[in-house]
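> predicted model and sequence follow; I will ask about them next.
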Amino acid sequence: MSAPPRPQPRRGVLAIDAYVPGKSSAPGVARVFKLSSNETPLGPSPKAIEAYRAVGAHLEDYPDGAATDLRDAIGRAFGLDPDRIVCGGGSDDLLNLLARAYLADGDEAIHTTHGFLVYPIATLGTGATPVVAPETDYTADVDAILARLTAKTKLVFLANPNNPTGTYVPFDEVKRLHRALPPHVLLVLDAAYAEYVRRNDYEAGIELVATSDNVVMCRTFSKIYGLAALRLGWLYGPSHVVDAINRIRGPFNVNAPAIAAGIAAIEDTAHVERSRAHNDRWLPWLTEEIGKLGLKVTPSAANFVLIHFPDAKGRTAADADALLTSRGLILRRVTAYKLPNALRLTVGTEEANRLVVATLAEFMGRPT
């Protein structure tokens with residue numbers, strides 16, 4: 001007898017490979033250094049923690065559904081019109097909202113080979129088709145993206161810098177990509193790691209959004225601001241895009257503690273600078289020291305490095321991950337990103353960084 005009919009999800013949903021976060025624990029290990037999710041080792045601003053706690057006495061109240069004070073704070077920090085900002089539950093929430101608003105059955109959205117996994121998830125969830133553009137040296141290739149354009153293309157997702165590779169596309173190349181896109185195609189610049197970039201030829205997307213009708217920029221409070229647990233992000237875009245997103249987002253999609261902590265975090269510029277300075281010191285150190293061990297490290301503009309391991313018995317990424325985890329050092333396996341023999345390492349505290357290098361030296365049989 002055949003099974004009775006039951007509700008079925010829309011086309012594309014069952015084709016989604018569910019997102020699996022990085023590990024956060026190492027069973028049997030007393031002390032753990034979590035270096036798998038690109039969280040800041042300095043934690044959030046003490047002022048953000050204080051603001052978060054202050055809201056605890058008013059949890060019975062709904063938050064401001066428009067997150068007005070937070071949008072105003074973001075506007076002051078970056079010189080933006082708050083009316084062109086939308087806040088959400090992390091930038092991935094906003095990426096999904098953009099897909100819902102601008103994709104439908106039969107449409108296509110382009111992302112690059114090693115781009116953020118949320119892009120194909122968001123695309124498939126709308127019934128649209130994700131299209132993959134190959135990268136060059138683990139970096140988004142503008143010409144490859146343009147070669148994938150069809151009459152069905154509606155969105156182009158570009159992580160800049162990219163996660164998990166840490167590479168970035170210079171602003172001149174981003175502008176070249178935009179100039180070549182049809183005006184009905186929306187370019188989504190995912191700048192989650194923009195605050196860490198120290199390159200003169202980089203621009204997160206603010207300038208392009210300000211002068212275009214088909215570009216949006218997404219940012220997050222999860223990285224340099226240290227508010228990953230609160231799920232908070234924001235989008236800056238043309239007024240017509242902001243209007244569309246506001247029509248479909250939840251009426252209270254950002255909670256009050258997140259709003260309060262976000263305002264305090266973005267206004268504590270001294271704490272942001274300390275976080276940036278820490279990364280400026282340890283990102284190049286990790287890149288150099290790991291490279292000395294005979295391992296290839298992809299040059300990164302973010303707060304993490306991608307480490308490539310040999311495809312040799314006892315020397316693979318899986319082997320390294322097992323040893324590191326046994327020492328309480330949790331890195332990110334990136335097999336789902338089509339990088340089966342690499343690990344992503346978040347810049348951690350000085351102690352964690354030195355322990356990782358020492359453990360990798362042991363793994364590679366190199367003296368320290």
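The structure has been received and is ready for your questions. Numbering: from 1, shown residues only.
> residue closest to the middle of the chain?
Ala192 (4.8 Å; CA atoms, centre = their mean).
> helix or strand: which one has that one?
Ala192 belongs to no helix or strand when elements are defined using DSSP states H and E.
> go on, Leu345?
Assignment of secondary structure by DSSP H and E places Leu345 within strand 339-346.
> cool, Arg247 as well?
In this assignment (DSSP H and E), Arg247 forms part of helix 239-248.
> got the CA positions of that helix in PDB?
C-alpha atoms of helix 239-248 as PDB (Å, rounded to 0.1, in the frame of the first residue of the first chain):
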ATOM      1  CA  SER A 239      15.100  53.200  -0.900                       C
ATOM      2  CA  HIS A 240      13.100  50.800  -3.200                       C
ATOM      3  CA  VAL A 241      15.000  47.800  -1.900                       C
ATOM      4  CA  VAL A 242      14.600  48.900   1.700                       C
ATOM      5  CA  ASP A 243      10.900  49.300   1.100                       C
ATOM      6  CA  ALA A 244      10.600  45.800  -0.200                       C
ATOM      7  CA  ILE A 245      12.500  44.200   2.700                       C
ATOM      8  CA  ASN A 246      10.500  46.100   5.200                       C
ATOM      9  CA  ARG A 247       7.300  44.700   3.700                       C
ATOM     10  CA  ILE A 248       8.400  41.000   4.300                       C
END
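> ok, back up a step: which pLDDT value belongs to the residue nearest to the centre of the chain?
With respect to pLDDT, Ala192 scores 98.
> hang on, it packs against Arg219?
Yes: here Ala192 reaches Arg219: they are 6.7 Å apart, a contact under CB atoms under 8 Å. The way it works is simple: take the backbone N, C-alpha and C, and place the C-beta from them, glycine included.
> list residues touching both of these two?
Listed as contacting both Ala192 and Arg219 by CB atoms under 8 Å, 6 or more residues apart in numbering are Ser91.
> right, and the helix or strand after the helix holding Arg247?
Downstream of helix 239-248, the first helix or strand assigned by DSSP H and E is helix 256-267.
> okay, buried residues for the helix or strand just after that following helix please.
Sequence-wise, the next helix or strand downstream of helix 256-267 (DSSP H and E) is helix 269-291. Using 16 or more other CB atoms under 10 Å as the test for burial, helix 269-291 gives His271, Val272, Ser275, Arg276, His278, Asn279, Trp282, Leu283, Leu286, Thr287, Glu289, Ile290.
> that older thread, what angle do the strand holding Leu345 and helix 269-291 make?
Relative orientation of strand 339-346 versus helix 269-291 (axes from the mean of the first three to the mean of the last three CA atoms, to 10 degrees): 140 degrees.
> could you list the paired strands of strand 339-346 along with their orientation?
strand 304-308 (antiparallel), strand 332-334 (antiparallel) (DSSP bridges).
> list the buried ones in it?
Of the residues in strand 339-346, Leu339, Asn341, Ala342, Leu343, Arg344, Leu345, Thr346 count as buried by neighbour count, 16+ other CB under 10 Å.
> how much space separates the second one from Pro134?
According to CB to CB, to the nearest Å, Asn341 stands 18 Å off from Pro134.
> now the last one
Thr346 sits 26 Å away from Pro134 when distances are taken as CB to CB.
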